[in-house]
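J.: Give me a model of this one.
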Amino acid sequence: MTTTPSFRASGLSSGLDTTSIVNELVRIEGRTVDLAKSQQSAYRSQVSAVGEIISKLSALRTAVSGLSTSGILGVTAEGTTTGFSASPSSSAASGRYSVQVDQLAQAARMRSAAFTSASSELRGGTLDIAIDGTTTSVTIDDGMTLTQAADRLNRSGLALSATVLETNGQAYLSITRRDTGFEPGQAPSSALTITENSTGSLGQPLGAVTVQSAANSRVTVDGLQFERRSNVVGDVVPGTTLTLKKTTASPEDLLLSTSAPETQKTLQKFIDSYNDVMKLVRKNTAIAELTDRTKTLGGDPAIRSLQTALQSLVVSEANPGSAVRTLADVGVVTGSDGTLSINTTRLEKAIATDAGAVNALFQAATTGIAAATSSLVDRYTNGSDSILVARQSGINRSIRTMDDRINDLQRRVDAYREKLVKQFTAMEKVVGGFKSIGNFLTSLEKRESQ
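T.: This next block holds a predicted model:
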C-alpha cells in the first residue's frame with residue numbers, strides 16, 4: 001500500500017501520541033487496499049496456472065499428431081543382412097521381403113590436371129558448371145591459386161565440394177557433387193560437368209576431367225527392380241527405410257515383425273503427455289486444507305470440465321465394432337489419481353488378436369483416440385473463443401479491473417489520512433489555546449493572592 005509521510009503532531013499540546021493514532025487508523029482503513037492487491041495477486045496465479053495447462057495440452061496434441069496416420073503399432077526388422085539395413089517406422093506393415101542390392105549410388109567427381117603445388121597459379125576465365133541441367137558460371141581470376149579456386153567454388157552456393165589434394169609432389173583440385181546419383185532418364189554426366197573458358201595469361205588451365213561418373217542405386221525387391229539416386233531408400237518397402245551398404249550376389253530376406261515393446265514405447269509417449277495434463281489439473285483442483293483457494297483453480301468450471309473430458313477420452317469407444325474398441329483393450333489402466341499406465345500382458349494379447357485394430361484404435365476418423373484428443377485440445381486451447389483461452393482472457397480482464405479499484409481505494413486512504421492530519425492538527429491548536437487561557441488565569445490568581 002502506498003502511504004504519505006506519517007503525521008508528526010505527536011500531541012504537543014494534548015499529550016496524546018497522535019502519530020500512532022493516525023497511523024493505526026490509516027492502517028485499518030488501508031486493509032481494503034491490501035485485500036484488493038491480494039485478490040489481484042490471486043488472479044495472476046490463476047492466469048499462470050491456466051497458461052501451464054494450455055501448454056501441457058499443446059504437448060499432448062503434439063504427442064498424438066502422427067498417430068492418426070501411423071498408429072501406434074511398432075514394427076522391427078529381424079534377422080541379419082549384409083547388403084542393407086532396415087529401419088521400419090510405425091506405419092510399416094509386418095511381412096517378409098526378398099531384397100537384393102544390385103548397385104550402390106555414387107557421386108560424380110572431377111579432377112584437375114596436375115599442378116606443382118596448392119599455390120600454383122590458374123589461368124583466368126570462367127568455369128561453366130552444369131548440375132542436373134542448370135549451368136552456373138564461376139569466375140576464376142588470372143593467377144588465382146588452386147587453394148583460392150577451391151575456396152571460391154565452395155562459396156559459390158553450388159551443390160558440390162572442392163578440395164586440393166597433394167600426392168607424390170603434385171597437387172590436384174578435386175571437385176565432387178554433394179549428392180549421389182543423377183536424375184533417372186538422364187545421362188550420368190548430367191550430374192556434374194565443367195566447361196572451362198580460359199581468357200587469362202597467367203598459370204595453366206584447370207583441365208578438369210571426370211574421374212568418377214555418377215551412379216544411381218539399384219535394388220530388387222520381390223523380383224522388381226527400383227532405381228534411386230541415393231543409397232538411403234525410403235519408398236520401396238512401405239513404411240521402411242533401407243540403407244544400402246554393399247552389392248549382393250543373391251537376395252536376402254527382410255522380415256518385419258510386429259513388436260510389443262516398440263508398440264509400448266509409442267503408446268507410452270501418449271500416456272506420458274496425458275498424465276502430465278491430468279496431474280496438473282488435479283494439482284489445481286485437489287485443494288489441501290490450508291491452501292489459499294483464491295490462488296488456485298479449485299472449483300473453476302472450465303478446469304472441472306477439462307478433467308471430465310479427459311476421463312471420457314479414456315473410456316470412450318474409439319473403434320466401435322472391433323475387438324479393440326477402447327484404450328482398456330490395449331492394456332491402458334486408469335489409476336486412482338486419474339493417471340494412466342500400461343498392462344503389458346493385455347497389450348501383447350491385443351496385438352496378437354488383431355494388430356490392425358490396435359492401430360485403428362488411434363487411426364479411426366473422428367472417433368479414433370488421435371482425432372478425439374486433437375478435437376479436445378482444440379476445444380480448450382485453439383482460438384480466442386476456446387474454453388481455456390477465453391477463461392484466461394476473463395481473468396486478465398479482472399486483473400485490469402483490479403488496477404482501477406486499487407488506485408481508487410488508495411486515493412480514498414490517502415484522503416482519509418489527510419483528513420485525520422487536519423483534524424488532529426486543529427485539535428492540537430484548540431487544546432493549545434485552552435492551555436494558554438488556563439495558564440493566563442493561573443498567573444492572575446497568583447498575583448491576586450499576593
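J.: Could you pull up the contacting residues of the residue nearest to residue 72 when sequence neighbours are not counted?
T.: Excluding its sequence neighbours, the residue lying closest to residue 72 (CB to CB, 6 or more residues apart in numbering) is residue 266, at 4.5 Å. Bear in mind the C-beta positions are built from the backbone N, C-alpha and C, glycine included. Residue 266 is in contact with 67, 72, 73, 74, 90, counting by CB atoms under 8 Å, 6 or more residues apart in numbering.
J.: Over to residue 186?
T.: Listed by CB under 8 Å, 6+ apart, the contact set of residue 186 reads 132, 133.
J.: Next up, identify which helix or strand it is on.
T.: Here residue 186 is covered by no helix or strand, with elements defined by DSSP states H and E.
J.: what's the pLDDT at it?
T.: With respect to pLDDT, residue 186 has a value of 92.
J.: Could you do residue 15 as well?
T.: Per-residue pLDDT puts residue 15 at 55.
J.: mean confidence for the helix ranked longest in the chain?
T.: Counting by DSSP state H, the longest helix found in the chain is helix 387-449. Mean pLDDT, helix 387-449: 76.
J.: who does it touch, helix- and strand-wise?
T.: Using 3 or more CB pairs under 8 Å, 6 or more residues apart in numbering; DSSP states H and E, the elements in contact with helix 387-449 are helix 18-29, helix 31-64, helix 301-315, helix 369-381.
J.: Ok, which of these comes nearest residue 260?
T.: With CB to CB as the criterion, residue 260 lies closest to helix 369-381 of these, at 18.3 Å.
J.: That closest one - contacts with which helices or strands?
T.: helix 31-64, helix 67-70, helix 301-315, helix 344-363, helix 387-449.
J.: And the strands in the stretch 51-200 of the chain?
T.: 74-78, 84-88, 95-103, 109-111, 125-131, 134-140, 160-167, 170-177, 193-198 (DSSP state E, counting those that start in this stretch).
J.: looking at those strands, which is closest to residue 40?
T.: Of all the strands of the stretch 51-200 of the chain, strand 74-78 sits nearest to residue 40, with 50.6 Å by CB to CB.
J.: mind listing what's buried in that closest one?
T.: Judged by neighbour count using 16 or more other CB atoms under 10 Å, the buried positions of strand 74-78 are 74, 75, 76, 77.
J.: Equivalent analysis for stretch 206-226, please.
T.: 206-208, 210, 214-221, 226.
J.: what's the answer for stretch 312-322, then?
T.: For stretch 312-322, a neighbour-count test (16+ other CB under 10 Å) marks 313, 314, 318, 319, 322 as buried.
J.: gap between the two ends of it?
T.: One end of stretch 312-322 to the other measures 19 Å (CA to CA, to the nearest Å).
J.: Return the mean pLDDT over it, rounded to an integer.
T.: Average pLDDT, stretch 312-322: 85.
J.: neighbouring contacts of it?
T.: If you take CB under 8 Å, 6+ apart as the criterion, stretch 312-322 is touched by 325-328, 332, 334, 340, 354, 357, 360-362, 364, 367-369, 372-373, 376.
J.: Let's see that with 6 Å instead.
T.: For stretch 312-322, the external contacting residues (CB atoms under 6 Å, 6 or more residues apart in numbering) are 325, 326, 327, 334, 357, 360, 361, 364, 367, 368, 369, 372.
J.: Would you pull up how far it lies from the middle of the chain?
T.: Between the centre of stretch 312-322 and the centre of its chain there are 29 Å (CA atoms, centre = their mean, to the nearest Å).
J.: now stretch 341-354
T.: The answer for stretch 341-354 is 31 Å, by CA atoms, centre = their mean.
J.: What of stretch 74-84?
T.: With CA atoms, centre = their mean, you get 32 Å for stretch 74-84.
J.: Export that stretch to PDB, keeping only CA atoms.
T.: This file holds the C-alpha atoms of stretch 74-84, laid out as PDB (Å, rounded to 0.1, in the frame of the first residue of the first chain):
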ATOM      1  CA  GLY A  74       5.700 -50.900 -33.600                       C
ATOM      2  CA  VAL A  75       7.500 -53.000 -36.200                       C
ATOM      3  CA  THR A  76      11.100 -54.300 -36.000                       C
ATOM      4  CA  ALA A  77      13.400 -55.800 -38.700                       C
ATOM      5  CA  GLU A  78      14.500 -59.300 -37.700                       C
ATOM      6  CA  GLY A  79      17.500 -61.300 -38.900                       C
ATOM      7  CA  THR A  80      20.900 -60.300 -40.200                       C
ATOM      8  CA  THR A  81      21.500 -58.800 -43.700                       C
ATOM      9  CA  THR A  82      24.800 -57.800 -45.200                       C
ATOM     10  CA  GLY A  83      23.800 -55.700 -48.200                       C
ATOM     11  CA  PHE A  84      21.500 -53.300 -46.300                       C
END
